[in-house]
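coords below, sequence missing:
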């Protein structure tokens, strides 16, 4: 009996402690708000996971993608000192607009010298033509004298010595006529060479005005007035923003069902929530690593298999409503099913 009383007293003490710790709330009861929150989160996770799974079944995507565009280098074709720079950073220009002018003084002098040399060659050609006419007249006269003197010699009217002198004069006249023709040809060739030199001088002078090879935006300007430039030196880079595309580097394991013409959703990091439409135009014939400066050679050393990436060119099917720039990061999703 004393042991039973002690056990019942212990139970009452435990129950009393529990009642003090959680007054009015039984230990077995659950909070319905917590259950509802847990259920909502569970359903939301299932919905999001199912949607992501379904999306991955229809699309392949990559964030290893950028916007690309044609970049036209503006270079100098001749050496010279920069006189003016008309292009400004980020300026929108049209094809043929003047961007840079070089000091034309030296090339203007060369043009004038070439023009003077041409005039001299043309004068020499005219003199050679006059000599041809003169030699031709003399040759005709000497040929006629030779015919007459040949008849007189046959009639023994003139001596053999007189006939030989006339014949020698006719031969000399013929030789002079042939020589004058050669001199005229040489003078004509000299005129053509001087004309070519003048055209070259005019062409060199025209190169002192550097124009835009295409329309676009000035994206990189490396020239200032007073600077001396060399032939082939890039002075400005123009990006043709009117014709942009996307190069997306997909893993080779993602390209099993990718084909040209498939629709693409393009998301640009610069415009969150904005979607652009495009399509696959072509797939590269080589991996990106194959065209690197030091392409990997799996035949040498230890072989480590690395998943390669294939560049895929994607063009916009609708003109973007937002301004885009070459080099922007994008996310490309190709619908394969």
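Done, it's in. Quick caveat, the model's predicted, so the values are computed rather than measured. Residues are numbered from 1 along each chain as shown.

Sketch out the low-pLDDT regions of the stretch 201-337 of the chain for me.
Residues of the stretch 201-337 of the chain that meet the criterion pLDDT under 70 lie in 300-301.

hmm, try it at 80
The model of the stretch 201-337 of the chain has pLDDT under 80 over residues 241-242, 293-304.

how about the strands of it, start to end?
209-211, 216-221, 228-229, 234-251, 263-268, 275-283, 309-316, 329-335 (DSSP state E, counting those that start in this stretch).

Could you dump these into a markdown table with mean neighbour count and distance to residue 66 added?
C-beta here means a position set from N, CA and C on the backbone, and glycine is covered the same way. A markdown table is the format used below for these (neighbours: other Cβ atoms under 10 Å; distance: least, Cβ to Cβ, whole Å):
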| stretch | mean neighbour count | distance to residue 66 |
| --- | --- | --- |
| strand 209-211 | 18 | 29 |
| strand 216-221 | 19 | 15 |
| strand 228-229 | 16 | 31 |
| strand 234-251 | 19 | 6 |
| strand 263-268 | 19 | 10 |
| strand 275-283 | 16 | 14 |
| strand 309-316 | 20 | 10 |
| strand 329-335 | 20 | 6 |
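
Output the ones you listed as JSON lines; include the columns distance to residue 179.
Supplementary listing: these in JSON lines, determined by distance: least, Cβ to Cβ, whole Å:
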{"stretch": "strand 209-211", "distance to residue 179": "47"}
{"stretch": "strand 216-221", "distance to residue 179": "61"}
{"stretch": "strand 228-229", "distance to residue 179": "50"}
{"stretch": "strand 234-251", "distance to residue 179": "54"}
{"stretch": "strand 263-268", "distance to residue 179": "78"}
{"stretch": "strand 275-283", "distance to residue 179": "67"}
{"stretch": "strand 309-316", "distance to residue 179": "68"}
{"stretch": "strand 329-335", "distance to residue 179": "77"}
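
From residue 112, how far out is residue 104?
12 Å (Cβ to Cβ, to the nearest Å).

Quick check on residue 65: phi, psi?
Backbone torsions of residue 65, given as degrees, to the nearest 10, read phi -150, psi 150.

which residues does it bridge with?
residue 248, residue 330 (DSSP bridges).

How about the contacts made by it?
Residues counted as contacts of residue 65 (Cβ atoms under 8 Å, 6 or more residues apart in numbering) are 246, 247, 248, 249, 314, 329, 330, 331, 332.

Now do the same contact list for the last one.
The one in question is residue 332. Contacts of residue 332 (Cβ under 8 Å, 6+ apart): 61, 62, 65, 246, 248, 264, 265, 266, 267, 278, 312, 314.
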